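Student: after the sequence you'll find the predicted model.
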Amino acid sequence: MCGIIGILLQKKGLLSKPLGTAIKECLKNLEYRGYDSVGFAILSDNGLIIRKSKGKIDDVVSKLSFDEFDGVCGIGHTRWATHGRPSDTNAHPHTDCTGKVAVIHNGIIENYLEIKDLLIRRGHVFKSETDTEVIAHLIEEYKKLGFSPYDAFKKAASLLKGSYALSALDLDDAGKIFFARNTSPLIIGLTDKAKFLSSDIPAFLEYSRNIIVVQDDEVGYLSNDSVVIEKLVDKSYEFDKNPATAEVVNYASRIRYIDWSPEMARKGGYPHYMLKEIHEQPQAVSNTLISLMNELGDVIKLLSKAERVLIVGSGTSYHASFIGSLLLNELANIKSHAIISSEMRWFVNGVNSEDVVIAVSQSGETIDTLLAVREVKKRGALTLALTNIIDSALARESHLAMYTRAGPEIGVAATKTYTTQVVSLALIAVKLAEYLRTVPESKLSELSTELRELPNTLSSVISASEPKARALSSIVGTKHSMYFLGRGLGLPTSMEGALKLKEISYIHAESYPAGESKHGPIALVDDGFPVAFTILGDEVDMIFSNVEEMRARGAWTLAVMPKGFERISKHFNYVFELNRVAYELAPAVYIAPYQLLAYYTAISRGFDPDKPRNLAKTVTVV
Ligand code: M6R
């Protein structure tokens, strides 16, 4: 929801640029997490320098003068507002009454009002409407009670309820960056010259690929000669004078090498990350297939014994889950349902130890999905994470973890992580079908060949669809509302197409099962109303009657469908005719025209597809 960065250098100038510039660049890499305000704090020779403002980094760069400030120790923040509207005052960092403590935070402090009241009674004066500011004053208060700056920070962290990844500088212990985490992601990056702290790996990839994922209830600090991590135990949440209890963590075995290159996290000549990530899909799919092909043994055995397989996810990850559940039913004859993560609590009574739950999440940090996993674990279900982020909370909290190999995805709209999720779930279904002998050999061999060919097929479809999507965007860009209809596996593909269009071009887009469209949605259809049909192959004749129903009401119709069905394709106003792909694998390929259409429509309407309004890449609030 917000992005945080901390940089600690062995000595000034080691990054060959002022510290302020390095913080600005790292924050640019994190801007997809929130971009309504930005700020930083640097411990300089002249004390603690704080600059902050409402607005995106590029818009306030001259106002904040990042490049003019140097030092060895600094923190920065890019905000997605939760408490208090975007404003200069509500931007982070937040300070205490003395101006010595600066705090940045990603998450939500649930008990901040209670703490704020207590601190106000003790004479503290608050400047912002944020929940974060209480942390700075809490640290100040504990220092007044005789705690060292680090002990005060630790105690403050131990009083917080809710989600947080936070970092603080304190002039009374200059040269340290304090940090703490509960639920919101926080990663440490290590090099010989510098140490980093960030909400996500791409922020510091240019400098470091050796990382430690900070875990829940951990606190610590970066200093010139050490990284200290402790685990808070027996959190009482009481404002008392006892020091926080914490145990030192030996993190040596947790240092990981990340094989993402800095180039992967840059735009590489594309105008936007989203377009670059759409084009990276063939490679991402290939990497995912290669890495999963040899890692699925345990997963297949586990799933083959399940009474039922539930698949949970949010947003785009839910659409991939939906495809996964249909494939498990269809190919492996396994009872499977997809459930939206935030709805799991109303479904959980029926879950038991015979169930296996697959949790799908690009970030591995979506709180709705994490909560769903915690709920089903309580009921005895085995859990399996499918995520793009190594050691993410979801991977750690699930019994088994599998990884998509999409590389860093910066655009807020998920594209390559979606295709890799779909392909991973399709591969699982095919392997299960092979293990359980639920489909004939000939079908298995067709699917295996096509799976191997998928990166090439996707590549041709992207190239062929791009000019058409660009041309079509000038028509779609003038519409106010649009339907996306499909049957079977075409339905989740349509749902994803609609989500892409609405989230970045702000055109109302709604997906419906094609057969269901005559039970209500058709009432809105009149002359020129746009309706897109996703046709993957098997359902082509069934869906045609729905096309005719829409055309009879004057709808402007678009189809994403395989080549070779001229008797049907000639009836649409516009058609993306794509290479034929086995019906079961087509969702991984047939989404590409919709991604490109959404991208070019957003551009034609003058919107930045990488930073859609009101959205954040990782959603850590319920
Ligand atoms: O990180 P996750 O996959 O768990 O994120 C889930 C959704 O927030 C995400 O897919 C969202 O819908 C995307 N912005 C869609 O493009």
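Tutor: In hand now; what should we look at?
Student: please make it C-alpha for all contacts and neighbour counts, starting now.
Tutor: Will do.
Student: what about the residue in the stretch 451-600 of the chain positioned nearest to the ligand, neighbour count?
Tutor: Closest to the ligand within the stretch 451-600 of the chain is K500: 6.1 Å, counting by C-alpha to the nearest ligand atom. Neighbourhood size, K500 [other C-alpha atoms under 10 Å]: 27.
Student: quick one: it and N210, what's the gap?
Tutor: 34 Å (C-alpha to C-alpha, to the nearest Å).
Student: again with A555
Tutor: From A555 over to N210 the distance is 54 Å, taken as C-alpha to C-alpha.
Student: quick one: which of the two has more around it?
Tutor: Ranked by neighbour count (other C-alpha under 10 Å), A555 and N210 place A555 first, with 23 against 16.
Student: point out the other helices and strands that the helix or strand hosting T419 packs with.
Tutor: Per DSSP states H and E, T419 falls inside helix 416-436. In this structure, helix 416-436 makes packing contacts with helix 281-293, helix 297-304, helix 315-332, helix 441-476, helix 587-590, judged by 3 or more C-alpha pairs under 8 Å, 6 or more residues apart in numbering; DSSP states H and E.
Student: got the CA positions of it in CSV?
Tutor: Extracted C-alpha coordinates of helix 416-436, given in CSV (Å, rounded to 0.1, in the frame of the first residue of the first chain):
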residue,chain,number,x,y,z
LYS,A,416,2.9,-11.7,-16.6
THR,A,417,2.2,-13.0,-13.0
TYR,A,418,-1.3,-13.9,-14.1
THR,A,419,-0.2,-15.9,-17.1
THR,A,420,2.4,-17.7,-15.0
GLN,A,421,-0.2,-18.5,-12.4
VAL,A,422,-2.5,-19.9,-15.1
VAL,A,423,0.2,-22.0,-16.6
SER,A,424,1.3,-23.3,-13.2
LEU,A,425,-2.2,-24.4,-12.4
ALA,A,426,-2.6,-25.9,-15.8
LEU,A,427,0.6,-27.8,-15.4
ILE,A,428,-0.6,-29.2,-12.1
ALA,A,429,-3.9,-30.3,-13.6
VAL,A,430,-2.1,-32.0,-16.5
LYS,A,431,0.4,-33.8,-14.1
LEU,A,432,-2.5,-34.9,-11.9
ALA,A,433,-4.4,-36.2,-14.8
GLU,A,434,-1.3,-38.2,-15.8
TYR,A,435,-0.8,-39.5,-12.3
LEU,A,436,-4.4,-40.4,-11.8
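Student: is that helix anywhere near the ligand?
Tutor: No. Counting by C-alpha under 6 Å from any ligand atom, the ligand has no neighbours in helix 416-436; the shortest distance is 7.8 Å.
Student: and the angle from that helix to helix 441-476?
Tutor: Relative orientation of helix 416-436 versus helix 441-476 (axes from the mean of the first three to the mean of the last three C-alpha atoms, to 10 degrees): 160 degrees.
Student: what about helix 416-436, average pLDDT?
Tutor: Regarding helix 416-436, the rounded mean pLDDT is 97.
Student: for the stretch 101-250 of the chain, what spans make up the strands?
Tutor: Assigned by DSSP state E, counting those that start in this stretch, the stretch 101-250 of the chain shows strands spanning 101-109, 162-170, 177-182, 187-190, 194-198, 210-213, 218-222, 227-232, 246-248.
Student: before we move on, what about the stretch 251-400 of the chain?
Tutor: Using DSSP E, counting those that start in this stretch, strands in the stretch 251-400 of the chain cover 256-257, 308-313, 336-340, 355-361, 382-387, 400-403.
Student: partners of the longest one, with directions?
Tutor: Just to be clear, that refers to strand 355-361. Strand 355-361 pairs in its sheet with strand 308-313 (parallel), strand 382-387 (parallel), by DSSP bridges.
Student: what comes into contact with it?
Tutor: 302-303, 306-314, 317-318, 320-321, 369, 373, 376, 381-388, 394, 421 (C-alpha atoms under 8 Å, 6 or more residues apart in numbering).
Student: over to the second one?
Tutor: By C-alpha under 8 Å, 6+ apart, the residues outside strand 308-313 that reach it are 303, 318-319, 321-322, 324-325, 334-341, 344, 354-361, 369, 372.
Student: those residues, buried ones only, as a PyMOL selection?
Tutor: Typed into PyMOL, the line below selects the buried ones among the contacts of strand 308-313, using 16 or more other C-alpha atoms under 10 Å:
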select buried, resi 303+318+319+321+322+324+325+334+335+336+337+338+339+340+341+344+355+356+357+358+359+360+361+369+372
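Student: of the contacts of strand 308-313, which are in range of the ligand?
Tutor: Within these, those near the ligand by C-alpha under 6 Å from any ligand atom are S361.
Student: now the closest residue to D36 other than its chain neighbours: how far from the ligand?
Tutor: Once flanking residues are discounted, D36 sits nearest to G55: 5.0 Å by C-alpha to C-alpha, 6 or more residues apart in numbering. Distance from G55 to the ligand, counting by C-alpha to the nearest ligand atom, to the nearest Å: 21 Å.
Student: now swap in I75 and tell me
Tutor: I75 is 25 Å from the ligand, by C-alpha to the nearest ligand atom.
Student: over to N242?
Tutor: The separation that N242 has from the ligand, given C-alpha to the nearest ligand atom, amounts to 38 Å.
Student: same question for L386.
Tutor: Counting by C-alpha to the nearest ligand atom, the gap from L386 to the ligand is 9 Å.
Student: kindly report the same for V357.
Tutor: For V357, the distance to the ligand (C-alpha to the nearest ligand atom) stands at 15 Å.
Student: what is the neighbour count of the residue in the stretch 101-250 of the chain that the ligand sits nearest to?
Tutor: For the stretch 101-250 of the chain and the ligand, the shortest gap (C-alpha to the nearest ligand atom) falls at P185, measuring 11.6 Å. Other residues within reach of P185, judged by other C-alpha under 10 Å, total 29.
Student: can you lay out the helices and strands packed on helix 416-436 as a markdown table showing distance to L485?
Tutor: As requested, the helices and strands packed on helix 416-436 are arranged in a markdown table below (distance: least, C-alpha to C-alpha, whole Å):
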| stretch | distance to L485 |
| --- | --- |
| helix 281-293 | 24 |
| helix 297-304 | 31 |
| helix 315-332 | 14 |
| helix 441-476 | 16 |
| helix 587-590 | 13 |
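Student: among the ones you listed, which is the most enclosed?
Tutor: Of the helices and strands packed on helix 416-436, the one with the most neighbours on average (mean count of other C-alpha atoms under 10 Å) is helix 587-590, at a mean of 28.
Student: ok, residues contacting that helix?
Tutor: By C-alpha under 8 Å, 6+ apart, helix 587-590 touches 323, 419-420, 422-423, 454, 457-458, 461, 489-490, 493, 534, 536, 560-561, 578.
Student: check stretch 444-456 too.
Tutor: Residues outside stretch 444-456 that contact it (C-alpha under 8 Å, 6+ apart): 281-283, 285-286, 427, 430, 433-434, 581-582, 585, 589.
Student: with stretch 132-143 instead?
Tutor: Counting by C-alpha under 8 Å, 6+ apart, 94-98, 101-105, 108-109, 112, 115-116, 119, 124, 126, 149, 152-153, 155-157 sit against stretch 132-143.
Student: output that stretch in PDB with nothing but the alpha carbons.
Tutor: Extracted in PDB, the C-alpha atoms of stretch 132-143 (Å, rounded to 0.1, in the frame of the first residue of the first chain):
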ATOM      1  CA  THR A 132       1.800   6.500  11.900                       C
ATOM      2  CA  GLU A 133       2.600   9.700  13.900                       C
ATOM      3  CA  VAL A 134       1.800   7.900  17.200                       C
ATOM      4  CA  ILE A 135       4.900   5.700  16.700                       C
ATOM      5  CA  ALA A 136       7.300   8.700  16.700                       C
ATOM      6  CA  HIS A 137       5.700  10.100  19.800                       C
ATOM      7  CA  LEU A 138       5.700   6.700  21.500                       C
ATOM      8  CA  ILE A 139       9.500   6.400  20.900                       C
ATOM      9  CA  GLU A 140       9.900   9.900  22.400                       C
ATOM     10  CA  GLU A 141       7.800   9.000  25.400                       C
ATOM     11  CA  TYR A 142       9.800   5.900  26.200                       C
ATOM     12  CA  LYS A 143      13.100   7.800  25.800                       C
END
